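Peer 1: below are the sequence and a predicted model for it; my questions follow.
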Amino acid sequence: MKKVLRFIMIILIFLTLNVIKTEGTDSKSIMANLSEKRNRDYTAITHQQSKGQIYFFKQALDELGATSPEQVIDIWAKGESTRNGVYHYAVACKELKKELIEKLGEPEEGYWIIGGSSPWLNKYELISYKKINEDKYEAKIKFYWQTSFSPIETTENTLIIGKNKDIWCVKEVK
């Protein structure tokens, strides 16, 4: 889980750094300019470059996955806590990834923010966890939300978690 979370954090940090040393847009020019230390002129990344980076990160996320159903639950909850839809995408099965893209838009074209500044997630609790068969689990998660005034109503997600080759992913959210 630490490797997946570290990878996701690296992606997020890289995407938020909106400047690199570059004068060209091809990978050879970018790499040459990145290694050049004496030139301190920074040029903002173009929208097209950002879109390309996001596309490559999305490709990498499609190849990675959680190693256990428990890790899927933790990563899903981290998405709720940070309001970051990338975490949900990272542990979604192929069909659910398509649904997330339909709902949130292509990652190259928008933000995958899944909440606002308030309320925020105070804590979450796994209230039921059932093994359906060797390759399928059902997990019910209760989310406790907070505002600056007081706690508010809780919400619940039921995740249907399945195994796809060597990785675990969310097949369905109820």
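Peer 2: It's in.

Peer 1: strands of this protein, start to end?
Peer 2: Taking DSSP state E, the strands of the chain run over residues 19-20, 43-44, 120-133, 136-146, 155-164, 167-173.

Peer 1: distance of Leu96 from Tyr89?
Peer 2: Distance, Leu96 to Tyr89, by CB to CB, to the nearest Å: 9 Å. C-beta: built from backbone N, CA, C; applies to glycine.

Peer 1: same check, this time on Thr82
Peer 2: Taking CB to CB as the measure, Thr82 falls 13 Å from Tyr89.

Peer 1: more crowded one of these two?
Peer 2: For Thr82 against Tyr89, the residue with the higher neighbour count under other CB atoms under 10 Å is Tyr89, and the figures read 21 against 17.

Peer 1: centroid-nearest residue for the protein?
Peer 2: Centroid-nearest residue in the chain, with CA atoms, centre = their mean: Val86, separated by 1.9 Å.

Peer 1: chain neighbours aside, what residue packs nearest to that residue?
Peer 2: Trp112 (5.5 Å; CB to CB, 6 or more residues apart in numbering).

Peer 1: quick one: contacts for that neighbour?
Peer 2: Applying CB atoms under 8 Å, 6 or more residues apart in numbering, one finds that Trp112 lies in contact with 84-86, 89, 100, 104.

Peer 1: any idea which of those is closest to Gln146?
Peer 2: Of all the contacts of Trp112, Asn84 has the smallest distance to Gln146: 17.9 Å, by CB to CB.
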